[in-house]
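A.B. asks: Model the structure of this input:
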Amino acid sequence: MNKGFTLIELLVAISIVAVIGIIALSGLSRVIDHQIISQERLDRWREVQLAVRIVSNDLSQIHPRPTREELGEAWLPSIVVDPNSQYDLEFSRGGWSNLMGLPRGSVLRVSYDQEDSKLVRFTWSVMDRTLSTPPTRTELLTGINDMTIRMLDNNGEWHLEWPPLLIENPKRLEIRPRLIEFRIILDDMGEIWRTIEVGA
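C.D. replies: Take a look at the predicted model:
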């Protein structure tokens, strides 16, 4: 008598191996899916951290220099937060390194704006720009539902617009807030805010 497997025993063994293979592939597929989701979350977190770091660095370097508006007829304050303005936030930023020795100053004009669900940063290579001086546009962050900016003055009062309208000071265009609170609400991470001290 031959000592081998019967057809039924072979079919049962093949079925068991097939079920184990399906379970293993299913588990591997889940692991890969979780790894992809984890990588997407990590990439998103890095994107948010980079954007917050750029905004924080810019705001901590606000410079008191006002700038001419594009037609050259009036002066804009060193920092402008006004709902009627073209940008949500516009300011002069010092500390712009010039390692290449290019013919430019060390103060840069920067603006932030919420365009749809994106946080966009604009920079101009010259302070007193004209209509023919286009800004450099950089999308820093996506998925923004709301953005709020408020400033703390030297009297300890918060303002949603800057410069405050009631300030009667000959240097009104150069007045900077003591603190700036920058809040964004992201559709996937909720509210993130930073309170930044403006350099002296």
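A.B. asks: Quickly note the distance from Arg65 to Trp75.
C.D. replies: Distance, Arg65 to Trp75, by CB to CB, to the nearest Å: 10 Å. All C-beta atoms are positioned from the backbone trio N, CA, C, and that covers glycine.
A.B. asks: For Arg137, give me its contacts.
C.D. replies: Arg137 makes contacts with Val120, Arg121, Phe122, as judged by CB atoms under 8 Å, 6 or more residues apart in numbering.
A.B. asks: Report the central residue of this protein.
C.D. replies: Ala51 (3.1 Å; CA atoms, centre = their mean).
A.B. asks: Is my assumption valid that that one occupies a position in a helix?
C.D. replies: Yes. Assessed with DSSP: H, G, I helix; E, B strand; the rest coil, Ala51 lies in a helix.
A.B. asks: Hmm, Thr142 and it touching each other?
C.D. replies: No. The pair Ala51 and Thr142 fails to qualify as a contact (CB atoms under 8 Å) at a distance of 9.6 Å.
A.B. asks: between the two, what contacts are shared?
C.D. replies: Shared contacts of Ala51 and Thr142, defined by CB under 8 Å, 6+ apart, are found at Leu119.
A.B. asks: In contact with Tyr112, which residues are there?
C.D. replies: So Tyr112 contacts Val55, Tyr87, Asp88, Leu89, Glu90, Leu119, Val120, Arg121, Phe122 (CB under 8 Å, 6+ apart).
A.B. asks: Counting neighbours, what do you get for the fifth one?
C.D. replies: Here the count is done by other CB atoms under 10 Å, and Glu90 has 23 residues near it.
A.B. asks: again with Phe182
C.D. replies: What Phe182 shows, counting by other CB under 10 Å, is a neighbour count of 20.
A.B. asks: Give me the spatial nearest neighbour of it, chain neighbours excluded.
C.D. replies: Arg194 (5.3 Å; CB to CB, 6 or more residues apart in numbering).
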